[in-house]
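>>> A structural model of the following input is requested.
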Amino acid sequence: MRRFRSIRSRLFLLFMGCMTGILILMSMLYYNRTLSIIHAKVGDIAEKNISQTAGLFNLMLQGYNSLSKSLNSNYELTRLLQEKPDDPAAEIMNERTITNIIGAAYYSRDDVLGIHILSPDGKVYSYERQFAGVIDNNYAQTEWYKKLEASSGNMVWLGLYPGSPINTLQAEKQAFVFGRKLYDLDNHKEIGMLMIETNPSPMMEALSNVSISPGTQVYILDEAKKIIASSERKGAKRPELDRLPQPSPEDNIFVDGTSKELIVAANTTMAGWTIYGLTPKQDIQAEVYRTTKVLVVVVLALIILSTVLASIVSRNIASPLKLLIREMKKVEMGNFSGSVNVDSFDEINSLVSSFNRMVHRMDELIETIKISTVSEKNAQLQALQAQVNPHFLYNTLDMIYWMLDEQENERLSRVVLSLSQMFRYSSNWEEAARTTLGRELEQIGHYLTIIETRLGGRLQTNIDANAAWLDAPLPKMTIQPIIENAVKYGLEPKEGMGVLNVRTEKEGNKLLIKIEDNGMGMDAETLERVKETMHAKHQRSPDADSPGRRRGIGLRNVHDRLVMMFGGPYGLSIESEPLQGTTVTVAIPIPAEGEDEDEHIGGG
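Below you'll find the predicted structure:
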């Protein structure tokens, strides 16, 4: 019972029950409706089919009639057929022109196999697919010629022939043949006979529309009950065609289902033909049995498919929820490092993504609280260690400065004064750890006074900061540790003049403070160690005392304070080349005002 209380089982039973019930209901309705159609409407279907077939024949025969009329109404053709030039060259030209006119009509339809014009003087003008034909010279004694001769200008539908009735080389290719007499429309003078051979495939394809079962036999009979075309198979029993009922001229369609065969018939108005379709009654019953078998197979297949689909859908919905519940239990136990990865419906994916973001944010907040707690404890410890009143040191340094000033030792007095200002700045934590870029640069000026004195003129400094950014907030003691590293590791070991540049740049929504030196630089390995240390977590590595590690610890402290104040996108980045120098970039947010100012402050 507990198994069936799960969401997957209930979804499976729900989907399976709904789909199976709908399937069975629809199958029963479809089966009953199908039986009703097969038993009650089969006659109507047969009637519509044969009516459409008769319409197709009428359209096809009308097209053929229009083709013959277009040739009979061609003025140039009628003129050339009557013209008797004395010049052999002119006669050849006339024959070529007649052939071209016939060719244009030939290419106007894809189903035309050949067009022949028989002139009264015995000449035959032909255009057909097999150009190297041999004309039967005895065509005047043939039955088809006599039918054309006996006509009075109306279309004569000659029917299907096993081959071309006039071209002896096309005796094996079946053709549907028709023709008419050609007249000069001005004086109604007979100028020849037209015979056209077409591909019988469209006619046979039209006959297939009458068939409603494999046993259906279709016949086209002329007025004398002679077969024009049929779809009967070899060995099939031919019915007594003379006894087949004839549709009345008023209805044109006849349906008889009282005998052992379903008989449908329709007249064609263009040729006076009658189309018959004869379907055995057992074929109609066979359709019912076949439909029943197919329906049973389809229902079984759909039930199996419904089972598979219900299982897949229920699993796709339940599996991500199970994973989410399992991960929630881990979070409940205090594990915030995991995440759920699923590919399901959009709503479930959105729920899982929200859960992952929530857990990740909780982990970040817990880590931030831990770091803040450690930093706060360190600050408290440093504050306890600095309980000695610093005013004694300020006053002592000021006293030394005035004593040196009285002795006119200006160089040493500037050093003592800068040291006093530095100590006063670094020990003043009334505003916590925040300061501005302007105050930080002022502090750097005092520090550089001491460094320039110590290096004995081997250091040239340039400070170029946009005045618009001087109020930008940043952590206190951000630039001084970077400059101290530059002097200690880059400029002091360098022979000759060292150059130190401090400048500001704007890049998108960031303010970049660049500290550049032309010192010794770092090789790739040392640079990589510095970057590793700068971005490492708060733990001591085995080689923490190496120069690269020691250099990186100070930078890491600055980087961590920047990230804690402004967030992950900000902090330090470092670039260096051996013997070329080092560039450290401090990235902080752009201040809200003063972005378009061009004033700079400088020093050196």
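>>> so what's the gap between the lengthiest helix in the chain and the chain middle?
Secondary structure of the chain read by DSSP state H shows that its longest helix is helix 7-72. Helix 7-72 has its average C-alpha position 35 Å from the chain's average C-alpha position, going by C-alpha atoms, centre = their mean, to the nearest Å.
>>> quick check: next helix or strand after it?
helix 75-82 (DSSP states H and E).
>>> give the other helices and strands that the helix or strand that that next one is followed by contacts.
Using DSSP H and E, the helix or strand that follows helix 75-82 in sequence is helix 88-106. Judged by 3 or more C-beta pairs under 8 Å, 6 or more residues apart in numbering; DSSP states H and E, helix 88-106 is in contact with helix 7-72, helix 75-82, strand 112-118, strand 124-128. (C-beta placed from N, C-alpha, C; glycine too.)
>>> how big is the angle separating the longest one from helix 88-106?
Per axes from the mean of the first three to the mean of the last three C-alpha atoms, to 10 degrees, the angle that helix 7-72 makes with helix 88-106 is 150 degrees.
>>> quick one: average pLDDT of helix 7-72?
Mean pLDDT, helix 7-72: 80.
>>> quick one: classify Tyr183 as helix, strand or coil.
Following DSSP: H, G, I helix; E, B strand; the rest coil, we place Tyr183 in the strand state.
>>> list the contacts for it?
72, 153, 189-191 (C-beta atoms under 8 Å, 6 or more residues apart in numbering).
>>> least confident pick among the residues you listed?
Among the contacts of Tyr183, Gly153 carries the lowest pLDDT, at 81.
>>> emit the ChimeraX select command for whichever of the contacts of Tyr183 are buried.
A single ChimeraX command is used to select the members of the contacts of Tyr183 judged buried by 16 or more other C-beta atoms under 10 Å:
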select :72,191
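>>> between the contacts of Tyr183, which sits nearest Gln246?
Checking the contacts of Tyr183 against Gln246 by C-beta to C-beta gives Gly153 as the nearest, at 27.7 Å.
>>> you'd agree that closest one is up against Gly179?
No. Judged on C-beta atoms under 8 Å, Gly153 makes no contact with Gly179 at a distance of 11.1 Å.
>>> A strand includes Asp121, no?
No. Asp121: not assigned to a strand; according to three-state DSSP it is coil.
>>> that one: neighbour count?
8 (other C-beta atoms under 10 Å).
>>> likewise for Ser311?
15.
>>> residue contacts, it?
Contacts of Ser311 by C-beta under 8 Å, 6+ apart are Phe12.
>>> again, but for Leu25
By C-beta under 8 Å, 6+ apart, the contact list for Leu25 is empty.
>>> surely Asp242 is in a helix?
Yes. Assessed by three-state DSSP, Asp242 belongs to a helix.
>>> Ser126 against Ile98, yeah?
No. Counting by C-beta under 8 Å, Ser126 stays clear of Ile98, with 10.1 Å between them.
>>> which neighbours do the two share?
When C-beta under 8 Å, 6+ apart defines a contact, the residues bordering Ser126 and Ile98 alike are Ile117.
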